[in-house]
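>>> I'll drop the sequence and a predicted model, then ask my questions.
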Protein chains: 2
Amino acid sequence: MNETQTVRLGVLGCGTVGTSFCQLIQERADEIARRTGLSLEIGKVAVRDMSKTREGVDPSLLSDDAEALVNDPSIDIVVETMGGVDHTKDLVLAAFAAGKPVVTANKELLALHMPELFAAANDAGIDLDLEASVAAGLPFIRALRQSLVGENISRVMGILNGTTNYMLTKMTEEGADYAEVLAEAQRLGFAEADPTADVGGFDAGSKAAIIATLAFGEAVRAGDVHIEGIEGVTSADISNAQRLGYVIKLLGIVEKNADGSIAARVHPSMVPSDHPLASVRDSFNAVFVEGSGIDQVMFYGRGAGGHPTAAMMVGDAVNAAINLRSGYHSKLGDLPPANIRSIDDIKSAFYLSVDALDQPGVLAEIASVFGERGVSIGSMEQENADDGSARLVFITHVAVERNLRDVLDDLEGLDTVKNVGQVMRVVAD
Amino acid sequence: MNETQTVRLGVLGCGTVGTSFCQLIQERADEIARRTGLSLEIGKVAVRDMSKTREGVDPSLLSDDAEALVNDPSIDIVVETMGGVDHTKDLVLAAFAAGKPVVTANKELLALHMPELFAAANDAGIDLDLEASVAAGLPFIRALRQSLVGENISRVMGILNGTTNYMLTKMTEEGADYAEVLAEAQRLGFAEADPTADVGGFDAGSKAAIIATLAFGEAVRAGDVHIEGIEGVTSADISNAQRLGYVIKLLGIVEKNADGSIAARVHPSMVPSDHPLASVRDSFNAVFVEGSGIDQVMFYGRGAGGHPTAAMMVGDAVNAAINLRSGYHSKLGDLPPANIRSIDDIKSAFYLSVDALDQPGVLAEIASVFGERGVSIGSMEQENADDGSARLVFITHVAVERNLRDVLDDLEGLDTVKNVGQVMRVVAD
């Protein structure tokens, strides 16, 4: 490999990411050749609208025939930036059938069809590279697949959605309420007119499925992830959390349990304010990995945007080109279906607030409910509620979700308890 | 590559890291085979003291002849965990000459001899892998070399030494003074009896040289790095910084300037408290990378320790094994000597405090000194010093170090200035 070999890239789609990708490949071509001995070129770009001009993209490379591109023998690698699921899946499979590795950032596609796509890539003996599919600008997927291959990963927690992290940061730092920050995020273009995918946790859920599959080597799909969004988070919750030394974040959490089962969930979580995830502000993303050898590793960066996404896809294209020329490909193994642990059985610490009569013996009565259900209390604070009743704020030790729900039911049944307020899961070691 | 091929590893040294490495290779062998089709085995372990027992290491593999190990035809890859520079360098070069890739975490060796070692690896067409040499438990070197190959990196800032970060964290959070925390760190085994390598910034300096070489593709050696330690940091500095919204960290900073020159330095720095580096506590390390495409990326984790180091070296060994079998190797290119920018010419924001006579016109006089030297003032606070004089605390905009020194000289010469106190570089965008 001492002479420079040319590798020709076929790009599907030429929106923000596709355009940035084409520009970056040209800008970095010399440096890439210096480090790899490979000359990467844009061979063809398939677009829907041939009449649009795209800065830095040679119009003579444009084609409106995506099928022809993936089957074109002069194209070595397919770079998918078009989005969508069904048609895109067909194109990706066609590329594999034609012996072409695929680079993609398409999280919806992967969260639904990753096992079949990896199986097809594996059968063809070529690569499927997906660095930019989750937390686009953080180079952590190659780290999970390569650098951490020697690591037994127990848990990954991520701030995986920039829109909701931006909103929660505003609520935390400016005391703004949910509706206000949502409207602002929509005005600034950070949130869609229909914000459900973001605020409902579904976008983060797709990403959590991909992370779990990569971290544990078993197939976890979007539908396996328990999802709660941030719609119910109030500015009062946030200030309560702050007072107790926590920040509220929407986390995707995937865990491998001792029994081999996998839990995958997305929900608002109270993160201790000295935890590295607590300092991830605005629209930044982060992925926090825990394992027996490495202890804790965190990756932090831009979760979206044309430039960061394209930069990571260039890294993938270089990797795919190297492997294509040397005849190696990165495998994930078989990806058997994961044994998914139900949300009822997951373990977490919990925050809950209880309004009770302010009279002797009440705390003992409430505490005994926790004890009977096997839920251990980590800390308790008492304050006076507006109506003269006592507000008791508890943070439990790690407990089984089902048992915590039983505690809530039992508390609702006590005459001395007037109201069981907000309950939120708390990040614990 | 559908059948499992065996790759035999020869390990030099079997202390904490070497022992962990051998254990981890055995624990993860099945998973590695599943993902790569390669069966990694410990073939031989060279040690100085053959009589010591090492848990999890088969005594029949031990040898006291390191030269024989690197030349043994049954060994495919050499894993260097013995440390040291001159003799170790000879062994690494002998391994390359025998066609064996080398995995190492030896920062001293690399900071002194990286260009020659990479040139020898390149001539042999094999890999030199060094993930664990800097910030051992953070998988960022492969990211720099592969995922970020599409990225034009402008600056890397790192918390690269766990001992000093532990000490500064204690000083910040407990108000302890330098001598106190150093003694405690020594008692706990975090700091050596002679702590110079850590507190003097030399350990971080070696790591900064390696990072600069990898990030910019030019040879930066330990001696090219401007180094200042934390010995002069007082608890007063720390509390002043906190009051202004900063945390003091020992940072290694490497920058590529517009003129192509490279600045590499290690010194205590004031980091804005909402910057991700500010939340890196205790003995954790972090590497913060800035570039045109990715904007900002941070890697966070354990900087040292047998397990994290060994986990990263397993990832390297797997990578080296894959490349060895497929005939590819990761290049760095030629590594021409960097054009190093002198510390006098580097640009930074600065903090400085000035005790001046508390009388009309003094501030204007002082401000005009900054203006004449081309240093722009970002913010100023005035407080009363104990002796009734006024203490003026300035944070400048980004300025050239030489010009800031001229300001200090000029201020010393003013009759109205009684004392120019602590000066510290401030992290700015």
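Great, that's in hand.
>>> So residue A:221 versus residue B:59, what's the distance?
Distance, residue A:221 to residue B:59, using Cβ to Cβ, to the nearest Å: 47 Å. Just so you know, the C-beta spots here come from the backbone N, C-alpha and C atoms, and that holds for glycine as well.
>>> Between these two, tell me which one has more neighbours.
A direct count of neighbours by other Cβ atoms under 10 Å in any protein chain shown for residue A:221 and residue B:59 places residue A:221 higher, at 21 against 11.
>>> Just to check, the more buried one is in contact with residue A:109?
No: Residue A:221 is not in contact with residue A:109 according to Cβ atoms under 8 Å; the separation is 11.7 Å.
>>> With adjacent residues omitted, what lies nearest to the residue of the stretch 1-150 of chain A at minimum distance from chain B?
When scored by Cβ to the nearest Cβ, the stretch 1-150 of chain A has residue A:150 as its residue closest to chain B, at 2.6 Å. Among residues not flanking residue A:150 along the chain, residue B:314 sits closest, at 2.6 Å (Cβ to Cβ, 6 or more residues apart in numbering or on different chains).
>>> hey, where'd the helices end up in chain A?
Taking DSSP state H as the criterion, chain A carries its helices at A:16-27, A:29-36, A:66-71, A:86-97, A:107-124, A:141-145, A:162-174, A:178-187, A:196-199, A:202-216, A:235-243, A:306-326, A:362-372, A:401-412.
>>> Turn those into a markdown table, columns for mean pLDDT and mean neighbour count.
Shown next, in a markdown table, are the helices of chain A (pLDDT from 0 to 100; neighbours: other Cβ atoms under 10 Å in any protein chain shown):
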| stretch | mean pLDDT | mean neighbour count |
| --- | --- | --- |
| helix A:16-27 | 94 | 22 |
| helix A:29-36 | 87 | 17 |
| helix A:66-71 | 97 | 19 |
| helix A:86-97 | 98 | 18 |
| helix A:107-124 | 94 | 20 |
| helix A:141-145 | 88 | 23 |
| helix A:162-174 | 96 | 22 |
| helix A:178-187 | 95 | 16 |
| helix A:196-199 | 96 | 20 |
| helix A:202-216 | 96 | 26 |
| helix A:235-243 | 91 | 17 |
| helix A:306-326 | 92 | 26 |
| helix A:362-372 | 93 | 15 |
| helix A:401-412 | 96 | 17 |
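>>> Out of the ones you listed, which gets nearest to residue B:161?
helix A:141-145 (22.1 Å; Cβ to Cβ).
>>> Tell me which other helices or strands the closest one touches.
If contacts are counted by 3 or more Cβ pairs under 8 Å, 6 or more residues apart in numbering or on different chains; DSSP states H and E, helix A:141-145 sits against helix A:202-216, helix B:141-145.
>>> Please identify which of these is closest to residue B:166.
Nearest to residue B:166 among the helices and strands packed on helix A:141-145 is helix B:141-145 (23.1 Å), distances taken as Cβ to Cβ.
>>> What are the contacting residues of that closest one?
With contact meaning Cβ atoms under 8 Å, 6 or more residues apart in numbering or on different chains, helix B:141-145 is reached by A:35, A:139, A:142-143, A:146-147, B:130-131, B:133-134, B:153, B:211, B:214-215, B:289, B:297, B:299, B:315, B:319, B:330, B:332.
>>> would you put the C-alpha positions of it in CSV?
Output of helix B:141-145 as CSV, limited to C-alpha atoms (Å, rounded to 0.1, in the frame of the first residue of the first chain):
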residue,chain,number,x,y,z
ILE,B,141,-6.1,8.6,20.7
ARG,B,142,-7.8,6.3,18.2
ALA,B,143,-10.5,9.0,17.9
LEU,B,144,-7.8,11.6,17.1
ARG,B,145,-6.2,9.3,14.6
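>>> Return the distance of it from the chain's centre.
14 Å (Cα atoms, centre = their mean, to the nearest Å).
>>> Which residue is most remote from the mean position of chain A?
Here chain A reaches farthest from its C-alpha mean at residue A:360, the gap being 47.1 Å by Cα atoms, centre = their mean.
>>> OK, contacts around the closest residue to residue A:8 other than its chain neighbours?
Distances taken as Cβ to Cβ, 6+ apart put residue A:43 closest to residue A:8, at 3.4 Å, once the chain neighbours are dropped. By Cβ under 8 Å, 6+ apart, the residues touching residue A:43 are A:8, A:9, A:10, A:61, A:72, A:74, A:75, A:76.
>>> Most neighbours among those, which one?
Neighbour counts for those peak at residue A:10, which has 27 neighbours (criterion: other Cβ under 10 Å).
>>> what sits against that one?
Residue A:10 makes contact with A:43, A:44, A:45, A:46, A:69, A:70, A:72, A:75, A:77, A:78, A:79, A:100, according to Cβ under 8 Å, 6+ apart.
>>> For residue B:233, state which of these is nearest.
Among these, residue A:79 lies closest to residue B:233 (Cβ to Cβ), at 48.8 Å.
>>> wait, the closest one sits on residue A:21?
Yes: the criterion here is Cβ under 8 Å, and residue A:79 meets it with residue A:21 at 6.4 Å.
>>> quick one: common contacting residues for those two?
Common neighbours of residue A:79 and residue A:21 (criterion: Cβ under 8 Å, 6+ apart): A:11, A:313.
>>> can you tell me which residues contact residue A:196?
Going by Cβ under 8 Å, 6+ apart, residue A:196 touches A:202, A:229.
>>> typed the wrong thing, it's residue A:199
A:163, A:164, A:167, A:182, A:191, A:229, A:230, A:231.
>>> Name the residues of the stretch 101-250 of chain A found near chain B, please.
A:125, A:131, A:137-139, A:142-143, A:145-152, A:217 (Cβ under 8 Å from any Cβ of the partner chain).
>>> Repeat the analysis, applying 7 Å as the threshold.
For the stretch 101-250 of chain A, the contact set with chain B under Cβ under 7 Å from any Cβ of the partner chain comprises A:131, A:137, A:138, A:139, A:142, A:143, A:146, A:147, A:148, A:149, A:150, A:151.
>>> Hmm, residue B:293 and residue A:307 touching each other?
Yes: counting by Cβ atoms under 7 Å, residue B:293 is a contact partner of residue A:307 at 4.3 Å.
>>> Could you chop chain A up by domain?
According to automatic domain parsing, chain A comprises the domains A:5-137+A:306-326, A:147-302, A:344-426.
>>> now the ones you listed as JSON lines including distance to residue B:252?
JSON lines is the format used below for the domains of chain A (distance: least, Cβ to Cβ, whole Å):
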{"stretch": "domain A:5-137+A:306-326", "distance to residue B:252": "22"}
{"stretch": "domain A:147-302", "distance to residue B:252": "18"}
{"stretch": "domain A:344-426", "distance to residue B:252": "35"}
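>>> Would you tell me which of the ones you listed gets closest to residue B:239?
Of all the domains of chain A, it is domain A:147-302 that lies closest to residue B:239, at 18.5 Å by Cβ to Cβ.
>>> still on that earlier bit, now the helices and strands packed on helix A:141-145 in a markdown table, with distance to residue A:282?
Output for the helices and strands packed on helix A:141-145, formatted as a markdown table (distance: least, Cβ to Cβ, whole Å):
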| stretch | distance to residue A:282 |
| --- | --- |
| helix A:202-216 | 16 |
| helix B:141-145 | 22 |
